[in-house]
Structure formats: structure tokens, C-alpha cells
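Enquirer: Need a 3D model of the sequence below.
(one chain, ligands or ions: 1)
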Amino acid sequence: MTPMIEISHAEKTFTMHLQGGIELPVVRGVSFHVDAGECVVLSGPSGAGKSSILKMIYGNYRCDGGRIGIRHQGAVIDLARAEPRQVLGVRRSTIGYVSQFLRAVPRVPTIDVVAEPLIANGVAREEARECAGRLLRRLNIPERLWRLPPSTFSGGEQQRVNIAHGFISEYPILLLDEPTASLDAANRSVVVELIEEKKRKGVAMVAIVHDDEIRQLIADRIIDVTAFAAAA
Ligand SMILES: Nc1ncnc2c1ncn2[C@@H]1O[C@H](COP(=O)(O)OP(=O)(O)OP(=O)(O)O)[C@@H](O)[C@H]1O
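Expert: Numbering: from 1, shown residues only. Purely as a prediction, here's the structure:
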């Protein structure tokens, strides 16, 4: 079976143009794969390059070398060399990114913020809202808040709205950047359950999680990114 993600010898160096072109090599020789239904957790100390690798897989950071093979609509596309238009196509239907922070359009009610990815994929508004409501309920967002925009919500509430928004879609690949960072124990368990459900549906996931307990619960494999340290 072709992996959903297959990375080989990917590397990234940041060039600081405003600091006289100083080069900051971050990672080199990044090689791993992720199968359908598997969650791979990236570990390593702060600054080791975990977020950079996630952003390379999402096409935010362009690789300076190597290959990032993504299974997309029945074919494999190399995101390290893809055109911006192809990267957008992959984001539309194949890769979802759940970051720690909610970036919602101002004044849109929470229920619509969460329902939006389904509506964008052609699901009828009412059905999408029902699905959004089920997720918000599971994530313990009180129903009285659903009609309000999430901009004034607490950090943990916003993160849960963000998780609902990220998990509602049917993407075959999900990238999770600290999805449980500011959640209490009950809501962390809900996120663990949501990840388990995605695995059963064959979704391939790459996650960054600092909490050891959560990491042990969700990881099928742990990859220590210090192995990919790029010496200056
Ligand atoms: N856009 C950027 N421009 C310049 N340097 C960057 C950029 N993004 C990341 N870096 C540098 O790359 C290194 C790795 O950062 P990265 O955020 O990937 O680490 P991390 O392992 O995710 O850390 P943390 O656990 O603290 O989030 C750091 O030294 C950081 O300063």
C-alpha cells in the first residue's frame, strides 16, 4: 500500500534577508512515512524543528531539497516541488491543518465557523450545522455560545472551536499542531477520542504534542526530530 505521506531527505534552511542573508539550517535528511489510519507524533526539544516539518508538509515552508510525497486524489504529488496552485488543491481536499490558534472571520457565529468546511465541500447548510452542533456538544461548548462569534471566548474555548473546525472535514491527512495545549483533562480525552475515530476512518495524522500522556495515547510511532538536526 502506498503511504499517505512519504518524506525523503527533505531539508530546510531559513535565510534571514534582513540580517545580511544569514543562513539558519534547521532540518536535514527528514525521512519518514505515514500510512493511512496511523498517527505519527514528532518529538524533540523546543527549537528542534517540529513545527517547521509540519509546515513543510503543509506547503507553508518550501523545502530546499528532498521530497514530500503526498497521496492526493489517487496519485502521488511531490509537495517539495509543487506549484502554489497544486498546493492549494491539496489543501482543499487532502490535507487539513489544526493549529493551536483559531483564525475565524470576525462576526461569524461559532456554529457557522465550525460548519464552514463542510459547506465549502458541498454539504447542505442545515446538515453541516447539525454536524457542527454534535462536535461542539462533544467538546463541551455550551449551546448558548453557538450563536456568538468565538472572538471573545476563552483560550480553551477557542481552541475547542478550532478543533471542531479541523475535525469536521473528511480530509485523508490531518496535521495537528498542539491540539490539546490549553485544554482540561475532560476535553483532552475528547480530542483523544476524535483522533481514534479518525484513525478508524483511515486518516493519516502527524501531530506535535508536548503532553507525554496524550502522546502515549495517540502515537502509533514517535519520531524524534533531533535525528534530523542540521548542523550549522
Ligand atoms: N520562519 C522562520 N524564519 C526563521 N527561522 C525560523 C522560522 N521558523 C522557524 N525558525 C527557526 O527554526 C528552528 C526550529 O523552529 P520550530 O518552530 O520548527 O521548532 P519546534 O521544534 O517546533 O519548537 P517548539 O517546540 O518550541 O515549538 C528555530 O530555531 C526557529 O527559530
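
Enquirer: thinking R125 is in contact with L118, fair?
Expert: No: under the criterion of Cβ atoms under 8 Å, R125 makes no contact with L118, lying 9.0 Å away. (C-beta placed from N, C-alpha, C; glycine too.)

Enquirer: Mind checking which of the two has more residues around it?
Expert: Neighbours around R125 and L118, counted as other Cβ atoms under 10 Å, are more numerous at L118. The numbers are 20 against 11.

Enquirer: Just confirm the more buried one is within a strand.
Expert: No: looking at L118 with DSSP: H, G, I helix; E, B strand; the rest coil, it is helix, so not inside a strand.

Enquirer: show me what contacts it?
Expert: 127-128, 131-132, 168-169 (Cβ atoms under 8 Å, 6 or more residues apart in numbering).

Enquirer: how about a cut-off of 7 Å?
Expert: 128, 131, 168-169 (Cβ atoms under 7 Å, 6 or more residues apart in numbering).

Enquirer: what residues does this structure put near the ligand?
Expert: Taking Cβ under 6 Å from any ligand atom as the contact definition, the chain meets the ligand at 14, 24, 26, 44, 46-52.

Enquirer: now do 5 Å
Expert: By the rule Cβ under 5 Å from any ligand atom, the part of the chain lying against the ligand is 14, 26, 46-52.

Enquirer: out of these, which are inside strands?
Expert: Using DSSP state E, the members of the residues of the chain next to the ligand that fall in strands are 14, 26.

Enquirer: Let's see if you can find the most crowded of the residues of the chain next to the ligand.
Expert: K50 (26 neighbours).

Enquirer: Going by residue numbers, what spans are helices in the protein?
Expert: Along the chain, counting by DSSP state H, helices occupy 50-58, 84-93, 110-120, 125-138, 155-167, 185-200, 212-218.

Enquirer: For burial, what's the neighbour tally of R103?
Expert: R103 has 9 neighbours, counted by other Cβ under 10 Å.

Enquirer: Next, work out how far apart it and the ligand are.
Expert: Separation of R103 from the ligand (Cβ to the nearest ligand atom, to the nearest Å): 17 Å.

Enquirer: I68 is in contact with A10, isn't it?
Expert: Yes: with contact defined as Cβ atoms under 7 Å, I68 counts as touching A10 (5.8 Å).

Enquirer: hey, what's in contact with both of these two?
Expert: Common neighbours of I68 and A10 (criterion: Cβ under 7 Å, 6+ apart): 56, 80.

Enquirer: what sits opposite the residue nearest to the spatial centre of the chain in the beta ladder?
Expert: Centroid-nearest residue in the chain, with Cα atoms, centre = their mean: L175, separated by 2.3 Å. Beta-bridge partners recorded for L175 (DSSP bridges): Y97, V206.

Enquirer: my guess is it meets Y58, correct?
Expert: Yes: using Cβ under 7 Å, L175 is in contact with Y58, at 5.8 Å.

Enquirer: can you list residues touching both of these two?
Expert: Shared contacts of L175 and Y58 (Cβ under 7 Å, 6+ apart): 95, 97.

Enquirer: which ones are touching the spatially closest residue to R81 that is not a sequence neighbour?
Expert: Excluding the flanking residues, the one nearest R81 by Cβ to Cβ, 6 or more residues apart in numbering is R67, at 7.9 Å. Contacts for R67 were tallied using Cβ under 7 Å, 6+ apart; they are 7-10, 78, 80.
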